Structure formats: C-alpha cells, structure tokens
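# Predicted model and sequence below, questions to follow.
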Amino acid sequence: MSIARVSGVLTSHYIFEPYSSLQLYKRALKFLLQLRRGGGSILVIGNKHKTNLLLHPNSPPSTSAAAAAAAAAAAAGRGGGGGGGGRGQALQLLATAAKEHSAVLCQDCVSFAAFLKNISVPVLGVCTPHELHVHPELLSVIDYLLPLQHTQVDAAIRHMLQHKILGPPNSSSSSSSSSSGGGGGSSSGRGTESSSSSSSSSSSSSSSGDNEREEMQKQQEQQLQHMHLWQQQQQLMQQQQMLQQQQQQQAYHHHYQQQQQQQQQQQQQLMQQQQMLQQQQQQQAYHHHYHQQQQQQQQQQQQQQQHFAYYPQQQQQVADVEQQQQIWRQQQQYLHQFYQQQHHQYQQQQQQQQQQQQQVLHRPRFNRGY
C-alpha cells in the first residue's frame, strides 16, 4: 500500500490497483529509458514470471543468466548442465553484476530475494499479488516493482506506457526501411542501362510506399484504440476511486454508528446494573429494618409477658411496702406525741422550779437580833 499526504489529507492506495500499477510501470519504464540513453545493460535472472518489457526495440540491451550459463557450459564442453548449475551460474553473475551491468531484472523474486539484499545495482522485480501477500519483505529488496496481473487492464496499461515512454516499436524498422529504400534508389540509379530494372524499382518503391502508408494507418488506428482504452481505463479508475471512497465513508459511518450503538448499549447496561444495585440495597435495608422492628416487637412482647407474669407478686410487694410505711408513720406520730408530752412536762417542771426560787427569794427573812 502506498501512502501520500496531499494538502493535509492522508490518502492510501493499494499496490495492485490500476492507478498504482500505472505509476509503478511509468517509473520503471522511465528508468529503462535512462539506461538506454546511457548505454547501460540489464542482467535478467529467473524465468518464473516472464515479462515483455525488454522485447521492445527501444529497451536497453539485456543478458539472460540462463543463456549465459548455457553458453559457459557449452564453451566448457559440459553440454548445458542442469538446473542447479544454472542457478549457481546466475548467483555468480549476480556477484559480478555491479561490474558488468547497470541493473538487474529478477523474474523470480521469491527464490533470489536472499541474494538481492546486499547488491549495489538497482533491482527491478516482477511480482504477483499473492507473492507480496505471502512475502511482504520483498518490498525492501526491490527498487522498481513491476506488478504482474493477468488482466486486460494491466496489459493495456503496459502497452500504452511503452508507446508513450519508449516510443512506437516500428520506429527503428521504419528508419531501416527508409535507409533500405534509399539504397534501392541508388541501385536503381546505377542500373539505368535496362528499362525492365527501372520499372521493377519503381513498382517496388510504390509498393513500399503503400506498405508504409498502411503501416502508418495501422499505427494511428492502434494509437486511437490505445487512447480510447486509456480513457476508458481512466474512467474506470475514477469510478473505482469513487467507489472506494464511498465504501470507506460507508465503512467509517457504519463503524461510527456501531461504536455509538455499543456505547449506548454499555450505558444502558451500566444504568441497569446501577438500578439493580440500588434495588438490592433498598431491599437489604428494608429487610434489615423489618428484622429490627420484629426483634423490637418480640422484645416488647417478652417484657410485657414477663410483667404480666410477675404482676401479682409485685402487687403483694407493694402492699407490704405500704403497710410498712403506715407502721412507720404511726411510730413517728407516737414518738412525736411522746416527745411533745415529755417536753411539756419538762417545761412545767422548770416553771415550778422558777416559782419555788422566786418564793424563796421573796420570803421574809427573820432577824436574829430581837
């Protein structure tokens, strides 16, 4: 997945969608064009996923590891060797690839991934979606990814980009045909001795001109078809992008709604749990209060029963106490009366004594002198 940030918006694309495949092919073909202009060569290893990018006339020259191994074996007199020897020769060529080649095209990245890690030249890798899904570490080994999909859209994208970047494949053939036509004209000029040779040369030149016109018309028709296909592909890509955006928005809204529903459900569950806890607490408090009231009522009933059971004895005790109080009161009254009588008698005695003393004092005294 390729991720890009444009104007504050984070966008992501899958590697094998049409737009991403177009960008990857465009990048790889521009690299091949630079190699062609710089006079570089490419080493091709593996033959699991064969591609037709290097079959274009304007592509850089390439060397196949299998062909080089077969040539080396034939030169050594071993008759071609086996598959293991071919792979060993490919590994030897990889070891010296930095000296003899400008890039490496790997058509079996799963088998050669371990040997492409420390190589010092750019690596073009042909991979399928399944291989990248099973071996995602291949993306760290490959510098220029060539996504391989056996679909009409993928083939049309490759064909369109090859014509746009590398040029039409018949340009070199047209130049060679024009040079050959020029040579034919000179030869016809030299052979002016016979009229038959001049007529044959004129007919051949006219036929070659017709062929060139037909080829040009075919090329124009093919270009128009490719443009039409390219427009259709762009429309399809736009529709796919719109569908993906709609799906993402729907998935986001669906996920947001699910989250809201889950939150509401969780809140409802919490409210129900709180209500259940409150009800349990109220029930426990009610049962506790009810038990306390029952215990108090039982205690009061027991006290009342005890009180009613011992009531006659209490009445007797009260009657005895009242009798004792009455006796004590009578005794106090008797003692009070006795003390009053004694006091009265004592006062009378004192009065009598005082009277006697007064009588003695007032009694006439007898004079002893007469």
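It's in.
# residues making contact with stretch 235-246?
The set of residues external to stretch 235-246 that reach it, using Cβ atoms under 8 Å, 6 or more residues apart in numbering, is 17-19, 22, 153. (Each C-beta comes from the backbone N, C-alpha and C, glycine too.)
# same deal with stretch 30-49?
Against stretch 30-49 from outside (Cβ under 8 Å, 6+ apart): 53-54, 58-66, 90, 93-94, 97, 100-112, 122, 124, 126-128, 144, 148, 165-166.
# From those, keep the buried residues only.
The neighbour count (16 or more other Cβ atoms under 10 Å) marks 53-54, 58-60, 62-66, 90, 93-94, 97, 101-110, 112, 122, 124, 126-128, 144, 148, 165-166 as buried among these.
# In PyMOL, how would I select the buried members of the contacts of stretch 235-246?
The buried residues among the contacts of stretch 235-246 can be selected in PyMOL (16+ other Cβ under 10 Å) with this line:
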select buried, resi 17+18+19+22+153
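# Quick check, pLDDT for residue 329.
At residue 329, the model reports a pLDDT of 89.
# now it: how far from residue 341?
Between residue 329 and residue 341 the computed distance is 19 Å (Cβ to Cβ, to the nearest Å).
# before we move on, the earlier item: tell me which entries of the contacts of stretch 235-246 lie within helices.
Mapping the contacts of stretch 235-246 onto helices (DSSP state H) picks out 18-19, 22, 153.
# ok, the residues you listed vs residue 350, which is closest?
Distance to residue 350, by Cβ to Cβ, is smallest for residue 19 among the ones in helices among the contacts of stretch 235-246, at 148.8 Å.
# Distance of the residue nearest to the closest one when sequence neighbours are not counted relative to residue 114?
Nearest non-adjacent residue to residue 19, counting by Cβ to Cβ, 6 or more residues apart in numbering: residue 237, 5.1 Å away. For residue 237, the distance to residue 114 (Cβ to Cβ) stands at 36 Å.
# Double-check residue 109 against residue 124; I have them as touching.
No. Judged on Cβ atoms under 8 Å, residue 109 makes no contact with residue 124 at a distance of 9.9 Å.
# Now for those two: what residues contact both?
residue 142.
# what sits against residue 165?
By Cβ under 8 Å, 6+ apart, the contact list for residue 165 reads 26, 29-30, 33.
# go again using 6 Å as the cut-off
Residue 165 makes contact with 29, 33, according to Cβ atoms under 6 Å, 6 or more residues apart in numbering.
# which SS state does it fall under?
For residue 165, the assignment made with DSSP: H, G, I helix; E, B strand; the rest coil gives helix.
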